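Visitor: next one to model:
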Amino acid sequence: MKSGDRKAKVLELIQQSKRPLSASALAAQLHVSRQIIVGDVALLRASGIQIIATPRGYVMEPKEQGVLCTVAVMHDYSRLAQELYTIVDQGAVVLDVIVEHAVYGQLSGKLHIASRYDVEQFMERIQGDEAKPLSSLTSGLHLHTIQCKDEEMVQRVLNALKEEGFLYEKG
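Guide: Coordinates of the predicted model:
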């Protein structure tokens, strides 16, 4: 398969998938190396196609619907899964995590966590790769962009985070 045809196929597979597709899964399907897929996706992204890499694989950048809000939260690593469960249990989607780094400024990572299953997959990935969450750079203080259906859902998320002691409200 020629490079241009393969990139078109990669894009088609990502667009049609209801779940994130890893570079390894795409590579196996297209009988090429994982690195070839990573390069193809990089070229697709460089051409302006809105593909994002999540901890679970590639997805198309979703069209933002509903209400977006940013919340400041703080907790240690032991409460990471519970914080994410608290948000998704209200029906919201955790789009990203953002921290403020002394040298690099704002650092962010795409998450797109919408369910308990997504939380479990995220936690398995962190533990399996022995990785640390971005919040470890800031003693647990971080931001999330949350996508909610409406303002009522925003309030439910904020109330649940506050009730669980996650909401950072110090001034």
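Visitor: and the contacts of the one helix or strand in the chain whose mean pLDDT sits lowest?
Guide: Among the helices and strands of the chain, strand 51-54 carries the lowest confidence by mean pLDDT, DSSP states H and E, at a mean of 85. When contacts are defined by Cβ atoms under 8 Å, 6 or more residues apart in numbering, strand 51-54 is touched by residues 11, 14, 20, 41, 44-45, 58-61, 110-112. Using the backbone N, CA and C atoms, a C-beta is placed for each residue, glycine as well.
Visitor: which one of these is nearest residue 86?
Guide: residue 111 (14.3 Å; Cβ to Cβ).
Visitor: quick one, what contacts the closest one?
Guide: 54-55, 94-97, 122, 144.
Visitor: most neighbours out of the residues you listed, which is it?
Guide: When neighbours are taken as other Cβ atoms under 10 Å, the top entry among the contacts of residue 111 is residue 144 (26 neighbours).
Visitor: how would you label that one: helix, strand or coil?
Guide: What DSSP: H, G, I helix; E, B strand; the rest coil gives for residue 144 is strand.
Visitor: mind checking how far it is from residue 74?
Guide: Distance, residue 144 to residue 74, by Cβ to Cβ, to the nearest Å: 12 Å.
Visitor: what of residue 156?
Guide: 20 Å.
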